[in-house]
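Asks: Below is the structure, and that's it, no one-letter string:
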């Protein structure tokens, strides 16, 4: 069997030179620094990972409130939308028709951000001092301008200054609009500070609506604190019900007309409605479809309206006669129709899907 050499016969290690000792010490120091850095980086990454985890779903056990902003779109709208999105909330924006006409891209941004868009008249006048025909013009033009930009006519109307009367309410009914006033006035229009706006919002109770405006930095700066206060009380921002005028749970959608196809394909379908000729008893509309040539568009009119003529498409109707389904007939991606309005000038609701 092999035998180990006696200890005294084994070669001895040579002592480290001073230079070698310095090199080894330097390497060990660098290794230690690297490990410390790695540990700190991992800790920072872990902290970032924790911060990036979405907050748990808000507890809305105490109900919902309506955050509303009047007078847009304005030069403040983009900041308002980004602040609302950063705080994970949706709001109802009551737009002035002239501002919609002058800022169409901002209306599209409002829709894309998932906000609900309401009618706030064309010029923000004292409507109760006007004739009924003037009232109708103010509201109807705004309905059409918003629908032209979003594909959907508003269902909510806020009278300027909160002024209303029986004549105005008759016009609202004619256009299928629900009048929305407010329960709490933030007073942002009256010079209220951010702290004062937050304090007033803290008065909100389930189902109630607060008046704010698109156009004040103080209001935008109040949003994070308003949302935090609501959350602490078990309240969540919601939508305003067109049937009751009260704040309720969100519907989960922004009212868009773009629909992904079934099966996860790459196409999508968008329907854009545009005005045509108009007469005393009827009016024409056209719909242009983009995204696919294999489309199905649903047009839902508001009774007592009836579609009395169509062109450039293959239509079919449901049993009520209020819902028309249009498919392409080889005439391109634009079709049109004539509506007998019977006193209701509201544009129909239009949606599109890939066929």
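Replies: Received, thanks. Source: prediction; values computed, not measured.

Asks: and the residue nearest the centre of the chain, helix, strand or coil?
Replies: By CA atoms, centre = their mean, the chain has its centre lying nearest to residue 114, at 1.5 Å. What DSSP: H, G, I helix; E, B strand; the rest coil gives for residue 114 is coil.

Asks: Got phi/psi on it?
Replies: Residue 114 has phi and psi values of phi 80, psi 20 when expressed as degrees, to the nearest 10.

Asks: got any ranges where the stretch 1-150 of the chain has weak pLDDT?
Replies: Within the stretch 1-150 of the chain, the ranges that satisfy pLDDT under 70 run 1-58.

Asks: if you set the cut-off to 90 instead, what comes out?
Replies: Along the stretch 1-150 of the chain, the model assigns pLDDT under 90 to residues 1-61.

Asks: In it, what residue spans correspond to helices?
Replies: For the stretch 1-150 of the chain, applying DSSP state H, counting those that start in this stretch gives helices covering 18-52, 77-86, 97-102, 104-112, 132-150.

Asks: Okay, helices next: where are they in the stretch 201-350 of the chain?
Replies: Going by DSSP H, counting those that start in this stretch, the stretch 201-350 of the chain shows helices at 217-232.

Asks: Now do the contacts for residue 303.
Replies: Shown in contact with residue 303 (CB atoms under 8 Å, 6 or more residues apart in numbering): 322, 344. Yep, even glycine has a C-beta here, placed from its N, CA and C like the rest.

Asks: Give me the phi and psi for residue 121.
Replies: According to degrees, to the nearest 10, residue 121 has phi 80, psi 170.

Asks: hang on, it packs against residue 140?
Replies: No. Contact criterion CB atoms under 8 Å: residue 121 and residue 140 do not qualify, at 10.3 Å.

Asks: between those two, which one's more packed in?
Replies: The residue with more neighbours, out of residue 121 and residue 140, is residue 121; 24 against 19, by other CB atoms under 10 Å.

Asks: Against residue 102, how distant is that one?
Replies: Residue 121 is 15 Å from residue 102, where distance means CB to CB, to the nearest Å.

Asks: try residue 128
Replies: 26 Å.

Asks: between those two, who's got more neighbours?
Replies: Just comparing residue 128 and residue 102: by other CB under 10 Å the higher neighbour count belongs to residue 128, 15 against 12.

Asks: Residue 234 - how many residues pack around it?
Replies: Residue 234 has 13 nearby residues by other CB under 10 Å.

Asks: Okay, it and residue 200: tell me how far apart.
Replies: Applying CB to CB to residue 234 and residue 200 gives a distance of 19 Å.

Asks: go on, residue 182?
Replies: Using CB to CB, we find residue 182 at a distance of 11 Å from residue 200.

Asks: ok, the two, which is more surrounded?
Replies: residue 200 (20 against 16).

Asks: Now for residue 210: which residues touch it?
Replies: So residue 210 contacts 65-68, 182-186, 200-201, 204 (CB under 8 Å, 6+ apart).

Asks: Whichever of these end up buried, select them in ChimeraX.
Replies: Typed into ChimeraX, the line below selects the buried ones among those, using 16 or more other CB atoms under 10 Å:
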select :65,66,67,68,182,183,184,186,200,201,204
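
Asks: Just send the contacts of residue 210 back as a markdown table, with distance to residue 297 too.
Replies: Shown next, in a markdown table, are these (distance: CB to CB, whole Å):
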| residue | distance to residue 297 |
| --- | --- |
| 65 | 36 |
| 66 | 31 |
| 67 | 33 |
| 68 | 31 |
| 182 | 36 |
| 183 | 39 |
| 184 | 41 |
| 185 | 42 |
| 186 | 40 |
| 200 | 44 |
| 201 | 41 |
| 204 | 40 |
